[in-house]
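S.K.: turn this into a structure:
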Amino acid sequence: MSADPVLYEMQGPVAIITLNRPEKRNVVNLAMRDGVLAAWKRFDTDPAARVAILTAAGDKAFCAGRDLSEAASGHGHGFIPILRDGVSVAKPVIAAINGAALGGGCFMAISCDLCVAAESASFALTEARVGRAPIYAFWLNGMIPQKVALELAMTGNPVTARRAYELGLVNHVVADGFLMEKALGLAMNLCAAAPLAVSATKAMIYETAGLEPQAALAAALERFEPVFESEDAQEGMRAFREKRPPVWKGK
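M.R.: Sure thing, here's the model as predicted:
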């Protein structure tokens, strides 16, 4: 495997982004950080890339957080490239978790839009155990019960993939060895839908979180107006009437 800290490959319309420091439990150093940022930019600007899968090399750890050996470099909050925190990606992203997702690595996983985990995967917010703080734990409000969020964030105790699924942090749990098959299948499900509708839905879900129903509806209508008026909307109706698969143009 390449020595590059981040790998990028295309499988049809799916971009696969792989954290590639398995011997270091895929901890994020400066080189990996820059590689992930470059990968997100490449994915978001490539019209041929419809969905991204974020995964990791090896089977021990998806990502064990920040490389603390570089912690004196002056990078504080924002060092780990976490989606929706200064990293904007309009298209859908699936996390494929094949090991331990710890600290910032856990937040990298749950910041993705969808998450598939192998049976052997686990999730833990370990910051408090090394004198740091799980800043993004506020995201857990509304995602999981408050007392569970407090236990995870304050103790650093891990939860299994099955428990994460029960809590709603994970969409699917699969047997080890079938992780990428499931993630790619889910990616192709997304690719079957109109790209404008998918991107608008993603934006709408995040934008309306916590809003009152009337405000949420207004925001949703504004977000979806370009979708309703798109060529793809007309193509979708034609394809339905003609009983054929639609041909999406993304416009």
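
S.K.: quick check on the most centrally placed residue in the chain: phi, psi?
M.R.: For the chain, C112 is the residue whose C-alpha lies nearest the centre (C-alpha atoms, centre = their mean; 1.6 Å). Dihedral pair for C112: phi -70, psi 160, per degrees, to the nearest 10.

S.K.: that one and V130, how far apart?
M.R.: 24 Å (C-beta to C-beta, to the nearest Å). In short, each C-beta sits where N, CA and C put it, glycine included.

S.K.: before we move on, which element is F43 in?
M.R.: Taking DSSP states H and E as the definition, F43 sits inside helix 30-45.

S.K.: what's in contact with that helix?
M.R.: Applying C-beta atoms under 8 Å, 6 or more residues apart in numbering, the contact partners of helix 30-45 are 4-6, 8, 15, 17, 19-21, 26, 28, 49, 52, 67, 70, 73, 75, 79-81, 83, 87-91.

S.K.: in strands only, show me those residues.
M.R.: Those of those mapping onto strands are 6, 8, 15, 17, 19, 52, per DSSP state E.

S.K.: what sits against M154?
M.R.: With C-beta under 8 Å, 6+ apart, M154 has these contacts: A128.

S.K.: cool, R238 as well?
M.R.: P246.

S.K.: next one: the helix or strand containing it to chain centre, how far?
M.R.: Per DSSP H and E, R238 falls inside helix 231-242. Computed by C-alpha atoms, centre = their mean, to the nearest Å, the chain-centroid distance of helix 231-242 equals 30 Å.

S.K.: okay, now the closest residue to S111 other than its chain neighbours: neighbour count?
M.R.: Leaving aside its chain neighbours, S111 sits nearest to L83 (4.2 Å; criterion: C-beta to C-beta, 6 or more residues apart in numbering). Residues lying near L83 (other C-beta atoms under 10 Å) number 18.

S.K.: next up, the contacts around L83.
M.R.: Contacts of L83 (C-beta under 8 Å, 6+ apart): 40, 89, 93, 108, 111-112.

S.K.: hey, where'd the helices end up in the stretch 51-200 of the chain?
M.R.: Assigned by DSSP state H, counting those that start in this stretch, the stretch 51-200 of the chain shows helices spanning 104-110, 146-155, 161-167, 179-191, 195-207.

S.K.: and these, which is most packed in?
M.R.: Greatest average neighbour count among the helices of the stretch 51-200 of the chain goes to helix 104-110 (a mean of 26), per mean count of other C-beta atoms under 10 Å.

S.K.: for that one, packing partners?
M.R.: Judged by 3 or more C-beta pairs under 8 Å, 6 or more residues apart in numbering; DSSP states H and E, the packing partners of helix 104-110 are strand 61-63, strand 93-97, strand 122-124.

S.K.: tell me the gap between that helix and the middle of its chain.
M.R.: 8 Å.

S.K.: got the CA coordinates for that helix in CSV?
M.R.: The C-alpha coordinates for helix 104-110 follow below in CSV (Å, rounded to 0.1, in the frame of the first residue of the first chain):
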residue,chain,number,x,y,z
GLY,A,104,-11.3,13.2,17.4
GLY,A,105,-11.5,10.0,15.3
CYS,A,106,-14.9,9.3,16.8
PHE,A,107,-16.1,12.8,15.9
MET,A,108,-14.7,12.3,12.3
ALA,A,109,-16.9,9.3,12.1
ILE,A,110,-20.1,10.7,13.5
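
S.K.: go ahead and confirm T160 touches A118.
M.R.: No. Here T160 does not reach A118: they are 10.8 Å apart, not a contact under C-beta atoms under 8 Å.

S.K.: comparing the two, which residue is more hemmed in?
M.R.: Using other C-beta under 10 Å as the criterion, T160 and A118 rank with A118 on top: 22 against 16.

S.K.: show me where the chain dips below the pLDDT cut-off.
M.R.: Under the criterion pLDDT under 70, the flagged ranges of the chain are 1, 71-77.
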